[in-house]
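> Got a sequence here, can you model it:
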Amino acid sequence: MSWIARASTNMREMRLILCHASASSSGARKFLDTHYPTIKRLNPQLPFYVRHYPNVEPRLVARYDYGGEAMRDLTDLSDKQVYEKMKELVDIGEVAIKANLFEWQQSYKRDEDVVDYDPEDPRMHSIL
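Now for the predicted structure:
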């Protein structure tokens, strides 16, 4: 169960898409009733969206850094199997490339991007 606490560090968003009435979504609905409170308690910053659509096949979608996504089909799975599918998605995030804003900013800032302002230089007036 400790892997649940890593969900917010391994992914940016989780979406559970299911039908509120179909038999194929029953495991997903039970998973939601059983595990959602724990997931949110351990990952309060993780957006976990639940979307109900009529006659849709249930699926779990994880979004990672840099826009990467992974999806698992949940059709006719039990709540325990849905739990295992979520663990798979969290584990994928373990090895996914993570965005590091500080490193990105440092690599983006090149010497030619830095300009010293000289009020006497006429070229500076066109910049401002």
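> all helices of this protein, in order?
Secondary structure of the chain, counting by DSSP state H: helices at 2-5, 7-10, 26-42, 79-95, 101-108, 122-127.
> which sections of this protein are below the confidence cut-off?
Within the chain, the ranges that satisfy pLDDT under 70 run 1, 99-128.
> if we go to 50?
103-115, 124, 126-128 (pLDDT under 50).
> Of the helices of the chain, flag the one that's most buried.
Mean neighbour count (mean count of other C-beta atoms under 10 Å) peaks for helix 7-10 among the helices of the chain, with a mean of 18. C-beta: built from backbone N, CA, C; applies to glycine.
> circling back: mind putting the helices of the chain into CSV with distance to Glu69?
Written out in CSV, the entries for these read as follows (distance: least, C-beta to C-beta, whole Å):
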stretch, distance to Glu69
helix 2-5, 19
helix 7-10, 13
helix 26-42, 18
helix 79-95, 10
helix 101-108, 21
helix 122-127, 40
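> For Glu13, list each beta-bridge partner.
Arg63 (DSSP bridges).
> again with the one 4 residues further on
With beta bridges defined as DSSP bridges, Ile17 has these partners: Arg51, Arg59.
> quick one, what contacts it?
Arg51, Tyr53, Val56, Pro58, Arg59, Leu60, Val61 (C-beta atoms under 8 Å, 6 or more residues apart in numbering).
> Looking at these, which is nearest Ile39?
Ranked by distance to Ile39 (C-beta to C-beta), the contacts of Ile17 are led by Leu60 at 11.6 Å.
> out of the contacts of Ile17, which one sits closest to Ala7?
For the contacts of Ile17, the minimum distance to Ala7 (C-beta to C-beta) is 11.7 Å, reached by Leu60.
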